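> Here is a sequence with its predicted model. Questions after.
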Amino acid sequence: MLQVSFIRQNREAVLERLAVKNFFQTELVDEVIALDDERKKLQADFDSTQARVNSASKEIGNLMRQGQKEGAETLKAEVASLKVGIEPLKVKMANVEKGLLDKLLLIPNLPALEVPKGKTPEDNVVVREGGVKPTLAEGALPHWELTTKYKLIDFELGTKITGSGFPVYIGKGAKLQRALVQYFLDFNTAAGYVEYLPPFLVNEESAYGTGQLPDKEGQMYHATADNFYLIPTAEVPVTNVYRDTILKEDELPIKMTAYSPCFRREAGSYGKEVRGLNRLHQFEKVEIIQIVHPDKSYEVLDGMVDHIEKLLQSLELPYRILRLCGGDMSFTSAITYDFEVYSAGQDRWLEVSSVSNFENFQTNRLKCRFKDANGKMLLTHSLNGSALALPRIVAALLENNQAGEGIMLPRVLHSYFGAEWIL
RNA sequence: GGUGAGGUGCCUGAGUGGCCGAAAGGAACGGUUUGCUAAACCGUCGUACGGGUUAAACUGUACCGAGGGUUCGAAUCCCUCCCUCACCGCCA
């Protein structure tokens, strides 16, 4: 959520930035400003009336103690008439505040200056590529055949138990998941991230805090009996650790990492693009999250990109890093880099990580602040990224490393998996 | 799920209708002094939204789990909900 005061002071710049995200609802921005004007006016009215009520009430107490009943009664009558006027003010103020918040929630975060213009994924900019694309032997298979061949994953069984998009990992397939989670967490904690194991269901407040609600309501599974949401990413519970918090400046930066299963309804997406592990309703992911000083967030972003790049390099996968264009970025992000790995069996790039700086868009909602050296209250900046999402990593590992009678795993996984090959 | 006790500022904790945005102690921060792993003393020490100011000072309103109610006036009384703790029940 943007700050109203910022919008007021930078209306033109805000509109200009929003255009990069293909957001052209000028009227929404102006409505926010108008509602805020109204809010201020109503509050001034309310405050002055209420001030009179308060002082009169105090006086009534004094008069009563002195036994001056008539004087007290006169004042009581005055207060009664003031309160008649105050009631509708209160109601109106609550409505205006609600209206203001509702409008504000519809305005996306402003893209950073270096975000390229564009509408579709084709407009994303490749900033770096690394690794070597493998040349596969004749008869190479896509991962959904390899997982069957080596008895790693049973997709049909998952359909029987739950539904499509809920794979069942079996034997070495299950162990590979565990090995990857363990490796990723170790890699992250070695870089100073503190490991969290958060709840996988969150309440409504937390879902609002990170911006999943209200705009992504349909994408989350909702346990209605208790009004809990299944998390679409560990970002939600972990970022909410710092909801309603005032930090000390020297506590920054805060670095957290968390493994969690992720649940996504992904309503409306079907077809061969989503075959196998390419898109699932439940998958495993390890996330990294930082809460930082606002002056440092872009430096930190570069560091996170670097961190994830090294992780991908250690897995010996061909990858590329994209800077997303305005149209392809999420509602809450100021800048996003996507990491894709090349999966040779499908001859496709698969997104395995997304790193974003949210600046103070999330922390304004969360109210995660700190006091600077002058005692001034400032919003922190928040960032997060996947390090990494498992399914597509597995897809690429299987497809790229298929060789003869088995699949050769990268060196870093040998000790975690307990073997060099999947045979 | 049942019964009981509670939810007050960074923490402990007082406060049962006006003098309470809230005692006291601790922590933290700033300072003075003495100086050896520290003590003593003084000061500061909630947040939000307004007004005000170059910026402060100053000032209004709201907030004592959340929401509603009673009252001229609520941290304090009433109702609903949430949460915590204890015991019981159930249970990996």
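Nice, I can see it.
> Tell me which stretches of the stretch 201-350 of chain A form strands.
Counting by DSSP state E, counting those that start in this stretch, the stretch 201-350 of chain A forms strands over residues A:201-202, A:222-223, A:228-230, A:245-248, A:254-263, A:282-292, A:319-323, A:335-343, A:348-357, given from the N-terminal end onward.
> ok, how many other residues are close to the closest residue to RNA strand B within the stretch 301-423 of chain A?
Of the stretch 301-423 of chain A, the residue with the smallest distance to RNA strand B, taken as CB to the nearest atom of the strand, is residue A:377 at 4.2 Å. (C-beta placed from N, C-alpha, C; glycine too.) Look at residue A:377: counted by other CB atoms under 10 Å, it has 9 neighbours.
> For it, give me the backbone phi and psi.
In terms of degrees, to the nearest 10, the main-chain angles of residue A:377 are phi -80, psi 120.
> Look up which residues are beta-bridged to it.
With DSSP bridges as the criterion, residue A:377 is bridged to residue A:371.
> where does it land on pLDDT?
In this model, residue A:377 is scored at 89, pLDDT.
> With residue A:272 instead?
Residue A:272 is assigned a pLDDT of 60 by the prediction.
> do residue A:94 as well
The predicted local confidence for residue A:94 comes out at a pLDDT of 87.
> any idea how far it is from residue A:1?
Here the criterion is CB to CB, to the nearest Å. By it, residue A:94 lies 19 Å from residue A:1.
> between those two, which one's more packed in?
Neighbours of residue A:94 and residue A:1, each counted by other CB under 10 Å, are more numerous for residue A:1; the result is 20 against 11.
> OK, contacts around that one?
The contact partners of residue A:1, taken as CB atoms under 8 Å, 6 or more residues apart in numbering, are A:104-105, A:107, A:211, A:361, A:364-365.
> how does it look with 6 Å?
Taking CB atoms under 6 Å, 6 or more residues apart in numbering as the definition of contact, the neighbours of residue A:1 are A:104, A:364-365.
> now swap in residue A:21 and tell me
Residues in contact with residue A:21, defined by CB under 6 Å, 6+ apart, are A:108, A:111, A:326.
> how about a markdown table for the contacts of residue A:1, with neighbour count and secondary structure added?
What follows is the contacts of residue A:1, written out as a markdown table (neighbours: other CB atoms under 10 Å; DSSP: H, G, I helix; E, B strand; the rest coil):
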| residue | neighbour count | secondary structure |
| --- | --- | --- |
| A:104 | 21 | helix |
| A:364 | 21 | helix |
| A:365 | 21 | helix |
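> hmm, back to that, in CSV: the contacts of residue A:21, plus pLDDT and distance to residue A:257.
Rendered in CSV, the data for the contacts of residue A:21 read as follows (pLDDT from 0 to 100; distance: CB to CB, whole Å):
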residue, pLDDT, distance to residue A:257
A:108, 93, 27
A:111, 96, 26
A:326, 95, 29
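> where along chain A do the helices fall?
Taking DSSP state H to define them, one finds helices in chain A at A:4-9, A:11-20, A:26-65, A:69-104, A:143-149, A:155-161, A:172-190, A:204-209, A:235-239, A:297-314, A:361-366, A:390-400, A:414-417.
> For the residue in the stretch 101-250 of chain A positioned nearest to RNA strand B, which non-adjacent residue is closest in space?
Relative to RNA strand B, the nearest point of the stretch 101-250 of chain A is residue A:246 (6.3 Å; CB to the nearest atom of the strand). The spatially closest residue to residue A:246, leaving aside those adjacent along the chain, is residue A:369, at 5.4 Å (CB to CB, 6 or more residues apart in numbering).
> Can you give me every residue that contacts the spatially closest residue to residue A:20 that is not a sequence neighbour?
Leaving aside its sequence neighbours, residue A:20 sits nearest to residue A:326 (CB to CB, 6+ apart; 3.9 Å). Each residue near residue A:326 by CB under 6 Å, 6+ apart is listed here: A:20-21, A:111, A:115, A:117.
> Can I get the buried ones among those as something I can paste into PyMOL?
Isolation of the buried members of the contacts of residue A:326 (16 or more other CB atoms under 10 Å) is achieved in PyMOL through the command below:
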select buried, chain A and resi 20+21+111+115
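> picking up where we left off before, tell me the one among the contacts of residue A:21 nearest to residue A:145.
Nearest to residue A:145 out of those is residue A:326 (CB to CB; 38.2 Å).
> gap between the residue lying closest to residue A:2 once chain neighbours are set aside and residue A:101?
The spatially closest residue to residue A:2, leaving aside those adjacent along the chain, is residue A:107, at 5.7 Å (CB to CB, 6+ apart). For residue A:107, the distance to residue A:101 equals 11 Å [CB to CB].
> for RNA strand B, what are the nearby residues on the stretch 101-250 of chain A?
Residues of the stretch 101-250 of chain A lying close to RNA strand B (CB under 7 Å from any atom of the strand) are residue A:246.
> again, only using 10 Å
When proximity is defined by CB under 10 Å from any atom of the strand, the stretch 101-250 of chain A lies next to RNA strand B at A:203, A:226-227, A:244-246, A:248, A:250.
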